[in-house]
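# this one's structure only:
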């Protein structure tokens, strides 16, 4: 009964409905461009709710701290330890937190089609862990400042820390807050560090605020807390300095299904029903390349670009909305990468004259290819295509191997 009364007297019930409605603007189809019916994508879409859950939890914690300070109920419960007193007082905020997490998961399920699974479970843990750090920050702020000031200040501050860095030109800051915009694909999953580092940074901030809470008796704790904040930021930035604008990913392994022979088509298990159709639609373009002197691959495999190239294997670029023409374009790109791998060369996967030649060989519209090619390169291609098939194939193989078209910093 005491807990129920504590909940009814708190600010948490008043925040639940507005926060849940606002959550729909983040965790919904407008922000989802991944693969449907894919467990990791479901969890990562739900994690977009961090920008709603964290401010609500932090603001509510600040308000509850101010309310308990005014009531003096924590100090009066002298038989309990400080930790138990705090856990009792913070229960309404925890209930708000868990309720909003459930809302985010349900919205993600309706959008993606499945509940989170696999790598998506770490994204769900992100929803549970990160707001807890801001809950502590909000509580301490509510103890130090009037709750009418502390609650909106910590809510707006946490939202700004999460959302604003995503639009900044400095890429390092966006990886420290915890609002992970990028998601896993069928071939690559987000590195766990994309979540662990924001947890560490937030823990550092929370520790600094806890130190500052004792500054009335020990003023030097303010300096210690400030030093911890600076150290947290410097250390966090050093960990993500080489990430660029996107967090690192890991190759997804052990989820591949293969069908057919010479060539076999290997796709993630989510596309198993599409594999036969992909192979059937790929054969005409592959036969055209074979007629131009390019050896057929043993396997067409949809896999991470981070995996080392395999002898006789071409990368397969495909998605459910790919047209037949787009498939032919992608097979031309695959021919370049696969031929390079056949000769022990790792292709940089950048536009090249060899790829343009392969486009013409698979039957892509000649006028469209010419429009995307410089006059000098087009004139060179016309001269090459007048050569015998054997000489064209030899030129293609040599051009693919030298990789002179690669430019540093271009992807």
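Arrived safely, thanks for sending. Fair warning: this is a prediction, and the values are worked out from it, not measured in the lab.

# past whichever strand or helix holds residue 277, which element shows up next along the chain?
Following DSSP states H and E, one finds residue 277 within helix 275-291. Remark: after helix 275-291, the chain's next helix or strand is strand 299-301, criterion DSSP H and E.

# what is that following strand packed up against?
strand 264-268, helix 275-291, strand 313-315 (3 or more Cβ pairs under 8 Å, 6 or more residues apart in numbering; DSSP states H and E). All C-beta spots, glycine's among them, are computed from the backbone N, C-alpha and C.

# what packs against the second one?
With contacts defined as 3+ Cβ pairs under 8 Å, 6+ apart, the secondary structure elements packing on helix 275-291 are strand 256-259, strand 264-268, strand 299-301, helix 324-342, helix 353-362.

# again, only using 7 Å
For helix 275-291, the elements it packs on are strand 256-259, strand 264-268, helix 324-342, helix 353-362, judged by 3 or more Cβ pairs under 7 Å, 6 or more residues apart in numbering; DSSP states H and E.

# which one of those lies nearest to residue 387?
If you check each of the helices and strands packed on helix 275-291 against residue 387 by Cβ to Cβ, helix 353-362 wins as the nearest, at 11.0 Å.

# could you report the distance from residue 264 to residue 279?
Going from residue 264 to residue 279 by Cβ to Cβ, to the nearest Å gives 8 Å.

# is it true that residue 15 touches residue 96?
Yes. The criterion here is Cβ atoms under 7 Å, and residue 15 meets it with residue 96 at 6.0 Å.

# looking at those two, which one has more neighbours?
The neighbour count for residue 15 versus residue 96, taken as other Cβ atoms under 10 Å, is higher for residue 96 (28 against 23).

# just checking, what packs against the strand or helix carrying the more buried one?
In this structure, residue 96 sits in helix 91-112 according to DSSP H and E. Secondary-structure packing of helix 91-112 (3+ Cβ pairs under 7 Å, 6+ apart): helix 2-9, helix 12-23, helix 39-46, helix 50-71, helix 120-144.

# buried residues, the fourth one. List them.
The neighbour-count check on helix 50-71 (16 or more other Cβ atoms under 10 Å) flags 50-69 as buried.

# so what's the residue count around residue 328?
As a burial measure, residue 328 scores 22 neighbours (other Cβ under 10 Å).

# list the contacts of it.
Residues counted as contacts of residue 328 (Cβ atoms under 7 Å, 6 or more residues apart in numbering) are 285, 362, 363, 364.

# where's the spatially closest residue to the second one that is not a sequence neighbour relative to residue 48, distance?
Taking Cβ to Cβ, 6 or more residues apart in numbering, and ignoring the residues beside it in sequence, residue 362 has residue 285 as its nearest neighbour in space, at 4.2 Å. For residue 285, the distance to residue 48 under the criterion Cβ to Cβ works out to 38 Å.

# so what's the residue count around residue 395?
Residues lying near residue 395 (other Cβ under 10 Å) number 16.

# what strand or helix carries it?
Taking DSSP H and E as the criterion, residue 395 maps to helix 389-402.

# now do that helix and helix 353-362, the angle between them.
Orientation check (axes from the mean of the first three to the mean of the last three Cα atoms, to 10 degrees): helix 389-402 against helix 353-362 gives 140 degrees.

# helix 389-402 packs against which elements?
Partner elements for helix 389-402 (3+ Cβ pairs under 7 Å, 6+ apart): helix 324-342, helix 353-362, helix 375-385.

# buried ones in the longest one?
When neighbours are counted by 16+ other Cβ under 10 Å, the buried residues of helix 324-342 are found to be 327-342.

# do the same with stretch 208-222
Residues of stretch 208-222 classed as buried: 208, 209, 210, 211, 212, 213, 221 (neighbour count, 16+ other Cβ under 10 Å).

# of all these, which comes closest to residue 258?
The closest of the buried residues of stretch 208-222 to residue 258 turns out to be residue 208 (Cβ to Cβ; 52.8 Å).

# quick check: the closest one touching residue 227?
No. Between residue 208 and residue 227 there is no contact, the gap being 8.3 Å when judged by Cβ under 7 Å.

# re the thing from before, from residue 259, how far out is the residue nearest to residue 362?
Residue 285 sits 18 Å away from residue 259, going by Cβ to Cβ.

# list residues touching both of residue 15 and residue 96?
What both residue 15 and residue 96 touch, as defined by Cβ under 7 Å, 6+ apart, is the set 56, 60.

# and the furthest pair within the contacts of residue 328?
Pairwise distances across the contacts of residue 328 (Cβ to Cβ) peak at 9.1 Å, for the pair 285 and 364.

# ranges for the helices of the stretch 151-300 of the chain?
Under the criterion DSSP state H, counting those that start in this stretch, helices of the stretch 151-300 of the chain are mapped to 171-177, 193-213, 220-240, 275-291.

# figure out which of those is closest to residue 90.
Short answer: helix 193-213, nearest of the helices of the stretch 151-300 of the chain by Cβ to Cβ, at 13.3 Å.

# buried ones in stretch 395-402?
Neighbour count says stretch 395-402 has 395, 396, 397, 399, 400, 401 buried, by 16+ other Cβ under 10 Å.

# tell me the helix or strand right after the worst-scoring helix or strand of the chain on mean pLDDT.
Across the helices and strands of the chain, mean confidence by mean pLDDT, DSSP states H and E is lowest for helix 73-76: a mean of 52. Once the chain leaves helix 73-76, the next helix or strand it forms, by DSSP H and E, is helix 82-89.

# quick one: mean pLDDT for that next one?
On average, the pLDDT along helix 82-89 is 73.

# what comes up buried for that helix?
Going by neighbour count (16+ other Cβ under 10 Å), the buried part of helix 82-89 is 85, 86, 88, 89.

# go on, stretch 384-397?
Using 16+ other Cβ under 10 Å as the burial criterion, the residues of stretch 384-397 that qualify are 384, 392, 393, 395, 396, 397.

# all set, thanks.
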